[in-house]
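Asks: Below are the sequence and a predicted model; questions follow.
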Amino acid sequence: MRLRIISLPGDGIGPEVTTQAIRVLHEVASAFGHTLEVDEKEIGGAALTKFGDPLPDGTLQSCLAADAVLLGAVGTPAFDHNPRELRPEAGLLRLRQELGAFANLRPAVFYPALAACSPLRFEMVQGTDILIVRELLGGLYFGQPRSIEGQGTSQHAYNTMRYSVPEVERIACVAFELARGRRQRVLSVDKANVLECSRLWREVVTRISAGYPDVQLSHMYVDSAAMSLVLKPTQFDVILTENMFGDILSDQAGGVVGALGLLASASIGGPVGLYEPVHGSAPDIAGKGIANPLGAILSVAMMLRYTFKLPREAECVEAAVISVLNAGLRTPDLARSGERVITSSEMGEKITEWVHSSADTNVRVASRN
Ligand code: IPM
Ligand code: MG
């Protein structure tokens, strides 16, 4: 198969982690007999510096013409005071929109090898396997009107939370479909006791659920869901929620399993899928070669699964991550005192080696667990 990828390293630790993820992808391609073509473009602060635009047209056109996009991270403190459209984040938000990527899938899985990284006791967090399905193109992020107006003490600001029936329908369908391949449970998270948007959301999700009688639907308010996520993370399967709630809950879920550096995401639904680690640009450690590349590597696994429909290849990458963690290899973010730490590049190398040897010896399936 021909895999045509655009890599958007972006800012901060983005370049370090995408380099390792692309390296793994090259190994997967050669081990499984695919042809990989990777082109690299600018986004975010890197694009602002070079072109004065966080999403230059060249980047956008290349992404639209590719099969899938891998993004590292966007965000640089240097541009924090820019107007909204000239912030690095604006490039990512526009890219999501231009790619029609309305469904953001964010798995949060507990790895027993990383038990010490979770703030929760082992018996509370063991078995946690959550898939957050976050609506990505609606709500407060994109709603119009929005503005900051006036001067001095009469300055005021507003945003608009807006959802239409088709927007809720399409994301609900994604969640129900995905639940079918898991434990057949969808929890829809809203704030229907206060917000009109959430009342419509709940109504539409409930109606859509009638088409999925094999999937059990429940509802929770976002405040209560946030608490349950910490108290009883194992009770969740698929969490379906709107844009802003999903942004918050997905970071929280990462904190619960103790592995923000391992969180991967897929933004799909449009013609081209966008894959990115959840961790962000982490400017404080950028350029030091110590960033955890596993979030980007697991994003590549999601790309293999969702864009290329290559589940064996995806499982191979996921098994490599588990095996390397089980072997005790840690980037600094995962290491506890006394544990030996390795660099981003060493981590990428270990994963690559594992993919290489497992493809060679055909132990892929056996090593999954
Ligand atoms: C995320 C990030 C983005 C978001 C930012 C960088 C715009 O926090 O992907 O979760 O809020 O969606
Ligand atoms: Mg976020």
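Replies: Looks like it arrived, so ask away. Numbers count the residues shown, from 1 in each chain. Ligands and ions are numbered 1, 2, ... in the order given.

Asks: The protein - how does it break down into domains?
Replies: 1-102+259-369, 119-257 (automatic domain parsing).

Asks: in this protein, which spans are strands?
Replies: 2-10, 35-40, 68-73, 103-109, 129-135, 147-149, 156-158, 185-190, 216-221, 238-241, 264-268, 273-277 (DSSP state E).

Asks: In space, what's closest to the residue nearest to the spatial centre of the chain - neighbours in sequence excluded?
Replies: Nearest to the mean C-alpha position of the chain, counting by Cα atoms, centre = their mean, stands Ser265 at 2.0 Å. Excluding the flanking residues, the one nearest Ser265 by Cβ to Cβ, 6 or more residues apart in numbering is Arg106, at 4.8 Å. All C-beta atoms are positioned from the backbone trio N, CA, C, and that covers glycine.

Asks: Indicate the residue of the chain located nearest to ligand 1.
Replies: Residue of the chain nearest ligand 1, by Cβ to the nearest ligand atom: Glu89 (4.0 Å).

Asks: Can I get the strands of the chain in TSV including distance to ligand 1?
Replies: TSV is the format used below for the strands of the chain (distance: least, Cβ to the nearest ligand atom, whole Å):
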stretch	distance to ligand 1
strand 2-10	10
strand 35-40	20
strand 68-73	8
strand 103-109	8
strand 129-135	8
strand 147-149	18
strand 156-158	18
strand 185-190	16
strand 216-221	21
strand 238-241	13
strand 264-268	7
strand 273-277	7
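
Asks: would you list those in a markdown table and tack on mean pLDDT and distance to Thr307?
Replies: What follows is the strands of the chain, written out as a markdown table (pLDDT from 0 to 100; distance: least, Cβ to Cβ, whole Å):
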| stretch | mean pLDDT | distance to Thr307 |
| --- | --- | --- |
| strand 2-10 | 98 | 9 |
| strand 35-40 | 98 | 13 |
| strand 68-73 | 98 | 4 |
| strand 103-109 | 97 | 12 |
| strand 129-135 | 98 | 17 |
| strand 147-149 | 96 | 37 |
| strand 156-158 | 98 | 37 |
| strand 185-190 | 98 | 23 |
| strand 216-221 | 98 | 28 |
| strand 238-241 | 98 | 20 |
| strand 264-268 | 98 | 8 |
| strand 273-277 | 98 | 4 |
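
Asks: can you list the ones you listed in TSV and add distance to Ile208?
Replies: Shown next, in TSV, are those (distance: least, Cβ to Cβ, whole Å):
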stretch	distance to Ile208
strand 2-10	33
strand 35-40	37
strand 68-73	27
strand 103-109	14
strand 129-135	12
strand 147-149	33
strand 156-158	30
strand 185-190	10
strand 216-221	9
strand 238-241	10
strand 264-268	18
strand 273-277	22
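
Asks: all helices for the stretch 101-250 of the chain, in order.
Replies: Using DSSP state H, counting those that start in this stretch, the helices assigned to the stretch 101-250 of the chain run over residues 122-125, 165-180, 196-209, 222-231, 243-257.

Asks: So which residues lie in contact with the second one, not counting its own?
Replies: Meaning helix 165-180. Contact with helix 165-180 is made by 102-103, 105, 131, 133, 135, 137-138, 185-186, 188, 200-201, 204-205, 208-209, 211-212, 214-215, 237-238, 240, 268-269, as judged by Cβ atoms under 8 Å, 6 or more residues apart in numbering.

Asks: How about the fourth one?
Replies: By Cβ under 8 Å, 6+ apart, the list of residues contacting helix 222-231 from outside reads 120, 124, 187, 189-191, 220, 235-236, 239, 241, 245, 248-249, 252-253, 256.

Asks: Kindly give a single PyMOL line that selects the buried subset of those.
Replies: The following PyMOL line selects those of the contacts of helix 222-231 that are buried, judged by 16 or more other Cβ atoms under 10 Å:
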select buried, resi 120+124+187+189+190+191+220+236+239+241+245+249+252+253+256
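
Asks: just to revisit the earlier point, let's have the domains of the chain in CSV, adding distance to Tyr111.
Replies: Below are the domains of the chain laid out as CSV (distance: least, Cβ to Cβ, whole Å):
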stretch, distance to Tyr111
domain 1-102+259-369, 6
domain 119-257, 7
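
Asks: among those domains, which is nearest Ala113?
Replies: Smallest distance to Ala113 across the domains of the chain (Cβ to Cβ): 4.0 Å, for domain 1-102+259-369.

Asks: quick one: the residue nearest to the centre of the chain and Ala301, what's the gap?
Replies: 11 Å (Cβ to Cβ, to the nearest Å).

Asks: Who are the contact partners of Ala320?
Replies: Val24, Ile351, Trp354, Val355, Ser358.

Asks: Now with 7 Å, please.
Replies: The contact partners of Ala320, by Cβ atoms under 7 Å, 6 or more residues apart in numbering, come to Ile351, Trp354, Val355, Ser358.
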